[in-house]
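Undergrad: Structure, please.
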Amino acid sequence: MKVTDVEVFLVGLPTRRPHRWAGLRGPIGRYVVVRVRTDEGVEGWGETPCLPDWGGAYGRHYGETPQSVRHVIRDLLLPVLHEHHPFDIPRIHAAMDQVVKGHPYAKAAVDIALHDLKGRALGVPVYDLLGGRVREWVPVGHSLGLMDVEQAAEEAAQAVREGIRHIKVKGGPDPRRDVAAVAAVRRAVGEDVEIRLDANQAYTVPVAVRTLRAMEGFGLAIAEQPAEGVDELAAIARAVTVPLMADESAWTMRDVLHLREAGAARYVSLYVTKPGGLYRARQMAAILEAAGLEADVGGSAEFGIGNAANLHLAAASAAVTVPAIIPVTTLQGREQTTVAGRLYTDDIVAEPFPYRDGRLRVPDGPGLGITVDRDKLARYSLPWE
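TA: Predicted coordinates:
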């Protein structure tokens, strides 16, 4: 079997409401979808939610745009795919890293498509390629985004009515507003729902310490990436009782080791995309488990293809113990929730992932277990600029 071609699509989905976080400059939902085709007629689909203003602590990993992803895949990674059997994913990763350093989001799109292709060819779900399934249903949380305090409380309450038991409150630009938002959400959802604050590294260390101490009375379960940098997280961890989660500071396996050595975080937000795809993300999950750290599966509001990859990673990773902050994939006319996990009003996959009691079911068909709706792919595809 040989790879013959990779198609790269720019896709934009309609959003239910604006979803913002500290540091994000543009809208979500204009991402890259790829289709890898072979000479035996087997194909695989991948996706990457690339953003120009998302690049880790101190810009260490840089941002990626749809245009940069398209260039890297077509001009640099496609020749690598021509040279290797598409099942040889570890060798392909090594070769991709030789031809271009960095660009993990471009590599993730290819990696997801290769896992989908391999699973389809072998007739097994991707989670079996990752070592096997440890859970069939994945608990998910609801992310509020930056919004007015009253709106945040109302949406949190509705998400809980729809089964959510874990709420993420985005913060950062105004710490006083963040304290008020956490307090209002706690009043709205009661005492039995977990609340996580995510400042997207917008605080300084003194501001983070002061703000998190002010939130302790509201039963904050996790503070995600309150400041920028591992050393800064470690300083905050020593000064507060709220456990910390690393996100922007956790892109690679070495980052996990650094976080463990520094005592900087109890939790890590594990992505498919930050390490460059499922292959390396599963390695990170194994290191997390060995290090005694726990994780959620996070992301950047993926479409159905990328969300399927999220679910397979969560299904195969014992270290994932925190509800995943991933969408409840929604199809127009087949909505399962009104607000819970609902970022888009439609999608390009033919079937939604079943949602029940705050959990998503992992697809168990071959590959990612999804079918791409070609009509919707055409409807939501955008011209390349």
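Undergrad: ranges for the strands of the stretch 201-350 of the chain?
TA: 220-224, 244-246, 267-270, 294-297 (DSSP state E, counting those that start in this stretch).
Undergrad: Ok, which of those strands comes nearest residue 8?
TA: The closest of these to residue 8 is strand 294-297. By Cβ to Cβ, the value is 24.9 Å. Using the backbone N, CA and C atoms, a C-beta is placed for each residue, glycine as well.
Undergrad: Can you list the buried residues in the closest one?
TA: Under the neighbour-count criterion of 16 or more other Cβ atoms under 10 Å, strand 294-297 has 294, 295, 296, 297 buried.
Undergrad: any idea how far it is from the chain center?
TA: The chain centre lies 11 Å from the centre of strand 294-297; the measure is Cα atoms, centre = their mean, to the nearest Å.
Undergrad: what does stretch 230-244 give?
TA: The answer for stretch 230-244 is 23 Å, by Cα atoms, centre = their mean.
Undergrad: Quick check: buried residues in stretch 49-65?
TA: Per 16+ other Cβ under 10 Å, stretch 49-65 contains these buried residues: 49, 50, 51, 54, 55, 56, 57, 61, 64, 65.
Undergrad: Could you export the residues you listed to CSV, including columns for secondary structure and distance to residue 368?
TA: Compiled in CSV, the buried residues of stretch 49-65 are given as follows (DSSP: H, G, I helix; E, B strand; the rest coil; distance: Cβ to Cβ, whole Å):
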residue, secondary structure, distance to residue 368
49, coil, 16
50, coil, 19
51, coil, 22
54, coil, 23
55, coil, 26
56, coil, 26
57, helix, 30
61, coil, 25
64, coil, 22
65, coil, 24
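Undergrad: so which two of the residues you listed are the farthest from each other?
TA: Applying Cβ to Cβ across the buried residues of stretch 49-65, the maximum distance is between 57 and 65, 20.1 Å.
Undergrad: What strand or helix carries residue 71?
TA: Element membership of residue 71, judged by DSSP states H and E, is helix 66-71.
Undergrad: What lies in contact with that helix?
TA: 8, 10, 30-32, 48, 50, 103, 105-106, 109, 384-385 (Cβ atoms under 8 Å, 6 or more residues apart in numbering).
Undergrad: Would you confirm that residue 253 contacts residue 280?
TA: Yes: applying Cβ atoms under 8 Å, one finds residue 253 in contact with residue 280, separated by 7.3 Å.
Undergrad: So which of these two has more stuff around it?
TA: Each of residue 253 and residue 280 has its neighbours counted (other Cβ atoms under 10 Å); residue 280 has more, 21 against 16.
Undergrad: can you pull out the helices in this protein?
TA: Ranges of helices within the chain are 66-71, 78-83, 89-99, 104-122, 126-129, 149-161, 175-189, 205-215, 230-239, 253-262, 278-291, 304-315, 374-380, based on DSSP state H.
Undergrad: show me the contacts for the residue nearest in space to the middle of the chain.
TA: With distances taken as Cα atoms, centre = their mean, the residue of the chain nearest its centroid is residue 299 (1.4 Å). Contacts for residue 299 (Cβ under 8 Å, 6+ apart) come out as 49, 271, 272, 273, 306, 307, 310, 325, 326.
Undergrad: mind running it again at 10 Å?
TA: 49, 269-274, 306-307, 309-310, 313, 324-327 (Cβ atoms under 10 Å, 6 or more residues apart in numbering).
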